[in-house]
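# need coordinates for the below:
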Amino acid sequence: MRQKLSAMNYIRNNKRRAAVLIVSLALYLVIVYMTQFILSSGTESFKKILVEDTKKMQMVQLPYSAFGIDPDVLGEEQTREADMKAVDTLMKRLREEDGVKTVQKVQGLGVTIYAMIGQYHFSFPIGDEAFLKTYMEHMGATLKEGELPDAPGELILSDGIMKNSGLTLGQKLSDEAFQIVGIAESDSYFGSGIQVQNRGYSKSVCILSDGSIEDVGAMLRKMGYEFSDNEADIWDYQTGYEEYEDVFAEVETPANIVFKGVMIVMAIMLFLVYTTMLRDRHGEWCLYCSIGYGRKAVYLSILREMLFYFAVAVVAGTVLTAVGMVAVDAFLISPMGLACNYTDVAVIGEIVCGYAVVFVLLQLPIRFALQKIRTVDAMEEDLY
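Prediction:
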């Protein structure tokens with residue numbers, strides 16, 4: 001006798017039960033991936049600032065001690081003069097280092113990027129008009145709207161910063177000395193402008209590099225400058241990446257909680273639903289065994305049914321997730337000037353592992369039910 005049972009017969013005759021399982025499995029994919037997608041608006045946005053931009057631009061502010069200056073001995077005025085000369089010497093030496101394209105003394109102006117979870121405050125460099133043009137070209141920023149700054153206190157900010165902070169062209173910042181005159185088209189959170197004189201001396205040094213400089217602190221120490229990490233203010237790839245890992249860890253925690261919570265709820269729900277379905281099918285399987293089908297044939301038929309449920313759920317969940325990501329990006333993430341990650345391999349791996357765990361757990365009630373199969377005279381027996 002033919003030993004292969006059709007898996008589709010039961011599915012066609014029990015569309016509602018099949019739909020419940022498929023919807024449950026699909027919702028698991030949608031909920032987990034959409035949660036990670038929304039949270040990625042923070043990690044991906046901060047990644048632009050901390051990891052990507054720091055490969056092209058670094059900022060340094062060294063303490064007096066690194067230059068051998070003792071304010072207690074020299075006094076305020078002489079300390080300032082000595083520091084200015086020391087910074088000029090530092091800039092001259094930096095220009096001779098490999099990977100350095102431009103070195104400029106700048107002021108730093110702070111801005112905050114707000115994500116769905118968390119925020120990050122950083123500073124961008126403002127200098128003279130020549131530096132502004134060089135910096136824009138180096139960072140790949142172009143004028144989108146308004147005009148380029150050409151007077152002290154005028155700024156140009158990327159469209160992302162403008163949207164995220166709710167700023168408008170012509171608006172002044174909280175610091176009334178600075179006004180936005182241009183909006184830049186940029187892949188990063190670009191900001192710059194013309195510095196305002198007589199606003200306190202700034203000894204920050206901005207380095208525009210070719211991407212090969214990762215640890216400015218190590219480079220400066222190699223040049224002979226001695227300082228501790230907590231004394232110097234250094235903005236480079238190494239410090240940026242360390243901060244990014246901290247930010248990622250903060251976002252990863254709630255994401256993991258959601259993933260594990262959904263996983264547990266889904267596993268319990270599917271286990272109960274599927275156990276009920278198996279109990280109702282006891283008579284069906286007893287009949288199959290009575291007419292010559294073996295337990296193996298029944299089991300293989302059940303496996304084909306399960307594979308069908310999982311396959312349809314993955315397809316449906318993927319489609320729903322794709323539509324959801326596009327909608328959330330268009331109506332929530334992009335209007336906030338944030339970035340996001342559509343393809344997260346790590347999350348996909350977690351979802352696959354979750355499906356595998358559920359698939360294995362569902363084998364338990366199936367195996368138990370198969371052991372209860374009898375011939376036709378046992379069809380009326382209760383399964384449990």
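# can you give me the strands in the stretch 201-350 of the chain?
Residue ranges of the strands in the stretch 201-350 of the chain, as given by DSSP state E, counting those that start in this stretch, are 204-209, 233-235.
# among those strands, which is the most enclosed?
Highest mean neighbour count among these (mean count of other Cβ atoms under 10 Å): strand 204-209, with a mean of 22. C-beta: built from backbone N, CA, C; applies to glycine.
# so how far is that strand off the chain centroid?
In terms of Cα atoms, centre = their mean, to the nearest Å, the centre of strand 204-209 is found 27 Å from the chain centre.
# please apply the same query to stretch 236-252.
Counting by Cα atoms, centre = their mean, stretch 236-252 comes out at 11 Å from the chain centroid.
# do the same with stretch 231-246
On Cα atoms, centre = their mean, the centre of stretch 231-246 falls 18 Å from that of its chain.
# low-confidence stretches in this protein?
1-5, 7, 175, 198-203, 255, 280, 282-283, 285, 292, 373-384 (pLDDT under 70).
# change it to 50
1, 201, 377-384 (pLDDT under 50).
# now tabulate the strands of the stretch 201-350 of the chain in JSON lines and tack on distance to Phe308.
Conversion of the strands of the stretch 201-350 of the chain to JSON lines gives the following (distance: least, Cβ to Cβ, whole Å):
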{"stretch": "strand 204-209", "distance to Phe308": "56"}
{"stretch": "strand 233-235", "distance to Phe308": "55"}
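# out of those strands, nearest to Lys172?
strand 204-209 (22.7 Å; Cβ to Cβ).
# give me every residue that touches the nearest residue to Pro63 once chain neighbours are set aside.
Of all residues not flanking Pro63 in the chain, Glu231 sits nearest, at 4.3 Å (Cβ to Cβ, 6 or more residues apart in numbering). By Cβ atoms under 8 Å, 6 or more residues apart in numbering, Glu231 lies in contact with 62-63, 65-66.
# pick the one among these closest to Gly108.
Closest to Gly108, out of all of these and judged by Cβ to Cβ, is Leu62, at 14.3 Å.
# burial count for the closest one?
23 (other Cβ atoms under 10 Å).
# need the contact list for it.
90, 203, 220, 225, 227, 231-232 are the contacts of Leu62 under Cβ under 8 Å, 6+ apart.
# which two of those residues have the greatest separation?
Within the contacts of Leu62, two members stand farthest from each other by Cβ to Cβ: Leu90 and Glu231, at 15.0 Å.
# and the contacts of Glu231, which two are the farthest apart?
Among the contacts of Glu231, Leu62 and Ser65 lie farthest apart (Cβ to Cβ), at 8.5 Å.
# which residues are in contact with both of the two?
227, 231.
# so who does Asp344 touch?
33, 36-37, 40.
# same check, this time on Leu143
156, 182-185.
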